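1. Have a look at this fold, sequence not included:
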Ligand code: ADP
Ligand code: MG
């Protein structure tokens with residue numbers, strides 16, 4: 001795990017959000033939520049509430065919800081996708097463990113990779129953190145290829161802080177021209 005963008009990562013000095021008395025860093029994060037089984041919109045709502053309940057964590061903003069045809073394994077129901085922006089004092093591994101607990105609580109059973117799921121929570125970006133660890137890769141390895149991630153992320157990009165510099169709006173528009181992603185209108 002290393003900081004990108006030339007941040008000084010010596011304990012207690014220089015890292016934005018970390019005070020000199022070693023209080024935990026408050027980091028901004030973008031997470032993606034996805035669901036294609038059961039009550040999809042309810043699963044996203046429950047996930048947002050569970051994220052807001054995490055210790056030292058505030059939800060800054062949530063994108064609109066998009067509906068997406070499945071991509072890698074196409075013989076499955078369509079997905080609802082949303083991106084959420086958080087501020088959290090949780091360390092990267094703690095945040096990953098928390099998201100996995102939230103997935104499990106939503107009844108997620110891991111079957112085939114990219115297969116149907118009641119809830120998928122991925123960490124897209126975490127302020128000042130880059131990692132090529134397969135258990136927690138940051139930025140998320142497929143972030144830049146997927147319209148269902150970039151389109152909702154573009155809605156929230158004004159909240160980006162300590163993230164790679166990228167024209168997310170242009171990249172999202174480009175991907176949306178070739179991938180099926182549409183604004184979700186609730187049935188009720
Ligand atoms: P996917 O989200 O790729 O469809 P899973 O949700 O089953 O698949 O996640 C598979 C593994 O990906 C997890 O066990 C987790 O450790 C790992 N992983 C690596 N980087 C990340 C990340 N940025 N966010 C969430 N999980 C990640
Ligand atoms: Mg995942």
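-> Sure thing, it's come through. Source: prediction; values computed, not measured. Ligands and ions are numbered 1, 2, ... in the order given.

2. Spell out which residues of this protein are next to ligand 1.
-> Contact residues, the chain versus ligand 1 (CB under 6 Å from any ligand atom): 110, 114, 120, 122, 123, 135, 136, 137, 138, 140. (Each C-beta comes from the backbone N, C-alpha and C, glycine too.)

3. what two of these are the furthest from one another?
-> Farthest apart among the residues of the chain next to ligand 1 by CB to CB are 110 and 138. That separation is 20.9 Å.

4. Hmm, residue 73 and residue 115 touching each other?
-> Yes. Between residue 115 and residue 73 there is a contact under CB atoms under 8 Å: 5.3 Å.

5. who has more neighbours, the two?
-> Neighbours were counted for residue 115 and for residue 73 using other CB atoms under 10 Å; residue 115 has more, 15 against 11.

6. circling back to that earlier point, restricted to helices, list the residues of the chain next to ligand 1.
-> Among the residues of the chain next to ligand 1, no member falls in helices (criterion: DSSP state H).

7. among these, which ones are buried?
-> Buried subset of the residues of the chain next to ligand 1 (neighbour count, 16 or more other CB atoms under 10 Å): 120, 122, 123, 136, 138, 140.

8. and which of the residues of the chain next to ligand 1 is nearest to residue 54?
-> residue 123 (12.6 Å).

9. If anything else comes up later, I'll come back, but that's it for now.
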